[in-house]
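**Q** just need the structure, nothing else, for what follows:
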Amino acid sequence: KSLHGAYKIGKFWDKIPHCETRGLCSLCNSPESMEHILLNYDKSPASGITWKAASDLWCKHKSSWPKIQFSTILGCNLGMLHDVEGKEKLGVSRLFKILILESAHLWKLRCERVIKISRVKEKFHSETKILNR
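**A** Next comes the predicted model:
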């Protein structure tokens with residue numbers, strides 16, 4: 001859906017009267033895209049907390065967490081991690097895929113914030129609620 005622009009975000013709302021503001025990020029007023037939603041760490045508490053939790057969990061097993069880009073999220077199911085000898089590491093690859101996909105799936109926290117909570121910062125998800133999700 002992300003590759004084909006099937007989500008109702010960003011420019012989708014430009015054509016609908018009285019809903020044009022829905023195409024802008026409610027936190028920074030920039031045009032919204034799936035990449036912006038998933039990787040906007042500096043403005044979105046949910047995104048920052050989610051990716052930091054994934055990184056912390058990964059670092060309990062491995063030494064370093066890779067820089068997550070939009071392409072990493074979209075293509076994580078195609079990747080396979082290898083050891084220094086070139087042998088596939090199935091368990092580590094599975095963990096990486098789960099962390100990436102589950103963290104990305106938590107973009108629904110943004111949907112809840114925008115649709116249910118609106119722009120009232122006091123009602124945003126707390127750090128505890130984000131971590132529990």
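**Q** use CA for all of it now, contacts and neighbours both
**A** OK.
**Q** around Ile100, how many other residues sit close by?
**A** Ile100 has 19 neighbours, counted by other C-alpha atoms under 10 Å.
**Q** and Leu101, by the same measure?
**A** Leu101 has 15 nearby residues by other C-alpha under 10 Å.
**Q** same deal with Arg113?
**A** Neighbour number of Arg113 under other C-alpha under 10 Å is 19.
**Q** just checking, it touches Phe124?
**A** Yes - between Arg113 and Phe124 there is a contact at 6.3 Å, judged by C-alpha atoms under 8 Å.
**Q** tell me which residue of this protein is furthest from the middle?
**A** Using C-alpha atoms, centre = their mean, the residue of the chain lying farthest from its centre is Glu85. It sits 32.2 Å away.
**Q** so that one sits in a strand?
**A** No - assessed by DSSP: H, G, I helix; E, B strand; the rest coil, Glu85 does not belong to a strand; its assignment is coil.
**Q** just say helix, strand or coil for the most centrally placed residue in the chain.
**A** Nearest residue to the geometric centre of the chain (C-alpha atoms, centre = their mean): Leu38, 3.1 Å. Classification of Leu38 using three-state DSSP returns helix.
**Q** just checking, it touches Trp107?
**A** Yes - using C-alpha under 8 Å, Leu38 and Trp107 qualify as a contacting pair, with a distance of 6.3 Å.
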